[in-house]
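K.L.:
Provided below are the primary sequence and the corresponding predicted coordinates.
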Amino acid sequence: QVQLVESGGGLVQAGGSLRLSCAVSGRTYRSYAMGWFRQAPGLEREFVAVIDWSGGSPYYADSVKGRFTISRDNAKNTVYLQMNSLKPEDTAVYYCAADFRVSGSSIRERDYDYWGQGTQVTVSS
């Protein structure tokens, strides 16, 4: 089994920054891509960003491109989401997820094998 634990959420004013972390533990027996998704109240969960094992091919949703940066430290089994210039519409529960497929780095929820419990991000106007 693989466990994912997010941290770093909180309340921030519009224009501010937060850095989310996702610690991965358990039987990580092969390389895996890591994604971030979010779910706002009353809405479906949506893709935010993904990074492959090497960290060389990050991909972002248009809504966060230029403001968010995904990165990873494989030695620490941790992935990060640096969020700058936050907007009230970024308010959501943020989830990290691990994709163990050989051709990982997907934007689709169904391709992910393991999920964290989520961390709340609230951006006030």
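P.N.:
That came through fine.
K.L.:
name whatever forms a beta bridge with the residue sitting nearest the centre point of the chain.
P.N.:
Closest residue to the average C-alpha location of the chain: Trp36 at 2.2 Å, with Cα atoms, centre = their mean. Beta-bridge pairing for Trp36 (DSSP bridges): Ala49, Cys96.
K.L.:
what's the pLDDT at it?
P.N.:
Trp36 is assigned a predicted lDDT (pLDDT) of 98.
K.L.:
and what of Ser54?
P.N.:
Ser54 is assigned a predicted lDDT (pLDDT) of 89.
K.L.:
so what's the residue nearest to the centre of the chain up against?
P.N.:
Applying Cβ atoms under 8 Å, 6 or more residues apart in numbering to Trp36 gives the contacts Leu20, Cys22, Val48, Ala49, Val50, Ile70, Val79, Leu81, Tyr94, Tyr95, Cys96, Ala97. Bear in mind the C-beta positions are built from the backbone N, C-alpha and C, glycine included.
K.L.:
the third one touches Met34, doesn't it?
P.N.:
By that I understand Val48. No. Taking contact to mean Cβ atoms under 8 Å, the distance of 11.3 Å between Val48 and Met34 leaves them out of contact.
K.L.:
between the two, who's got more neighbours?
P.N.:
Neighbour tally, Val48 and Met34, criterion other Cβ atoms under 10 Å: the higher count belongs to Met34, 29 against 24.
K.L.:
gap between the more buried one and Tyr114?
P.N.:
To Tyr114, Met34 is 10 Å away according to Cβ to Cβ, to the nearest Å.
K.L.:
common neighbours of those two, please.
P.N.:
Ala97, Ala98.
K.L.:
would you list every one of the helices in the protein?
P.N.:
Under the criterion DSSP state H, the chain carries no helices.
K.L.:
so what's the residue nearest to Thr122 when sequence neighbours are not counted up against?
P.N.:
Excluding the flanking residues, the one nearest Thr122 by Cβ to Cβ, 6 or more residues apart in numbering is Leu11, at 4.7 Å. The contact partners of Leu11, by Cβ under 8 Å, 6+ apart, come to Thr122, Val123, Ser124.
K.L.:
next: Tyr32.
P.N.:
So, once contact is read as Cβ under 8 Å, 6+ apart, Tyr32 ends up touching Val24, Trp53, Ala98, Asp99, Phe100, Gly104, Asp113.
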